[in-house]
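# Just the structure for this:
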Amino acid sequence: MNDKRTFGFVGGGNMAAALIRGLLGANVPQKCIIVSDVKAERTAALHAEHGVRVTADNHALVKESDIVVIAVKPQVIDRVLDALAGDLRPEHLVISVAAGVPIKAIEGRLPPKTRVVRAMPNMPATVLAGATAISAGTSATDADLLEAEAFFAAVGKVVTLDENLLDAVTGLSGSGPAYIMLIIEALADGGVKVGLHRDTALLLAAQTVFGSAKLLLDTQEHPGRLKDMVTSPGGTAIAGLHTLESGALRKTLIDAVEAATKRAETLGEQMTEKMRLK
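Modelled structure (predicted):
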């Protein structure tokens, strides 16, 4: 991470806070992070917790920043970009974490040849365990992608993809935490049904999901092989797996990713049209 560059966050919500924690953990000085938000109490809280610089003036923020992170809600991004466009210089890198807003729509609101990287992080980034996909805009360089990759690596795992795959990322890792929370809740309910206390069941379910994911990432084994290692002939796991397959869990999860991806595609098209018309 280049700790001499200044990061300006337009928007101080949960994702911005997660990224700020990641930057500080990567030894970026507090003085090199500036945050603005329409809610003064939000910036005050970020300053109190992290010691970063805060401002109510987006124009000043952009002028003092090398990397401008757009971390506002999609519903207001058009107004934010319009207001900032005149302050951007050719040397600026703009990173957008606004969900569902395509690069074309962003670039259409900014000066020609503005270097843009679009990112799709997910909620676990708030605990530095995120999964983020990044895509380069038409003027972004390989160096810009490396900068963005290092930026998001501070809060988890990062992959670089063509933008046409970001809707699939939204369907999988963007929406995935909701699926996993449902699975954890259901596992805990199962534990309660067979006699465990609710708190104990929830702890065991959450830790089991966490440990299983860590085991997969650390060993790099195929999940099928790890599944087989737990599944002994005539044992408990195969009985449970048979029930899951009978209930079409695998198909249901695949269908969920596909449905969320299609919804992301539709929302992206609507956002592009909205920003084009204004």
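# Output stretch 22-29 as CSV, nothing but the C-alphas.
Extracted as CSV, the C-alpha positions of stretch 22-29 are listed here (Å, rounded to 0.1, in the frame of the first residue of the first chain):
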residue,chain,number,x,y,z
GLY,A,22,-8.4,-1.7,6.6
LEU,A,23,-6.2,1.3,5.4
LEU,A,24,-5.2,2.0,9.0
GLY,A,25,-4.3,-1.6,9.5
ALA,A,26,-2.2,-1.4,6.3
ASN,A,27,-0.2,1.5,8.0
VAL,A,28,-1.8,4.3,6.0
PRO,A,29,-1.4,7.4,8.2
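# where do the helices sit along the stretch 1-150 of the chain?
14-25, 40-50, 58-64, 77-84, 103-107, 142-153 (DSSP state H, counting those that start in this stretch).
# burial measure for residue 192, as a count.
15 (other CB atoms under 10 Å). (Each C-beta comes from the backbone N, C-alpha and C, glycine too.)
# which ones are touching it?
198, 201 (CB atoms under 8 Å, 6 or more residues apart in numbering).
# where in the stretch 101-250 of the chain is pLDDT low?
By pLDDT under 70, the stretch 101-250 of the chain has no low-scoring segment.
# Strands of that one, start to end?
115-120, 130-136, 156-160 (DSSP state E, counting those that start in this stretch).
# If you count contacts, what does the shortest one end up packed against?
On a contact count with 3 or more CB pairs under 8 Å, 6 or more residues apart in numbering; DSSP states H and E, strand 156-160 meets strand 130-136, helix 142-153.
# right, and those - which one's nearest residue 69?
Residue 69 lies closest, by CB to CB, to one member of these: helix 142-153, at 8.3 Å.
# Let me know the angle separating the closest one from helix 14-25.
100 degrees (axes from the mean of the first three to the mean of the last three CA atoms, to 10 degrees).
# Go through helix 142-153 and flag the buried ones.
Of the residues in helix 142-153, 144, 145, 147, 148, 149, 151, 152 count as buried by neighbour count, 16 or more other CB atoms under 10 Å.
# Same check on stretch 59-69?
Counting neighbours by 16+ other CB under 10 Å, the buried set in stretch 59-69 is 61, 62, 65, 66, 67, 68, 69.
# With stretch 179-199 instead?
Result for stretch 179-199 [16+ other CB under 10 Å]: buried residues 184, 187, 188, 191, 196.
# Need the max-distance pair from those.
184 and 196 (13.8 Å).
# Run a quick check on residue 26 versus residue 128, I expect a contact.
No - with contact defined as CB atoms under 8 Å, residue 26 does not reach residue 128; the gap is 10.5 Å.
# Report how far apart the opening and closing residues of stretch 27-46 are.
With CA to CA, to the nearest Å applied, stretch 27-46 spans 17 Å between its terminal residues.
# what is the mean pLDDT for it?
Average pLDDT, stretch 27-46: 94.
# Overlap in contacts, residue 26 and residue 128.
Common neighbours of residue 26 and residue 128 (CB under 8 Å, 6+ apart) are residue 154.
# who touches residue 194 in this structure?
So residue 194 contacts nothing (CB under 8 Å, 6+ apart).
# Apply 10 Å and report the result again.
Residue 194 makes contact with residue 201 under the criterion CB atoms under 10 Å, 6 or more residues apart in numbering.
# Look up how far residue 138 lies from residue 163.
10 Å (CB to CB, to the nearest Å).
# Ok, residue 167 next?
Taking CB to CB, one finds residue 167 at 19 Å from residue 138.
# And these two? Which one has more around it.
residue 167 (23 against 12).
# That one contacts residue 262, correct?
Yes - using CB atoms under 10 Å, residue 167 is in contact with residue 262, at 8.1 Å.
# on that earlier part again, nearest to residue 236, of the strands of the stretch 101-250 of the chain?
strand 130-136 (30.8 Å).
# okay, the angle between the closest one and strand 115-120?
150 degrees.
# I'd like to know which elements strand 130-136 is packed against.
Here strand 130-136 touches helix 14-25, strand 115-120, helix 142-153, strand 156-160, helix 166-169, helix 176-193, going by 3 or more CB pairs under 10 Å, 6 or more residues apart in numbering; DSSP states H and E.
# roughly how far out does that strand sit from the chain middle?
7 Å (CA atoms, centre = their mean, to the nearest Å).
# That strand pairs with which strands, parallel or anti?
strand 115-120 (antiparallel), strand 156-160 (parallel) (DSSP bridges).
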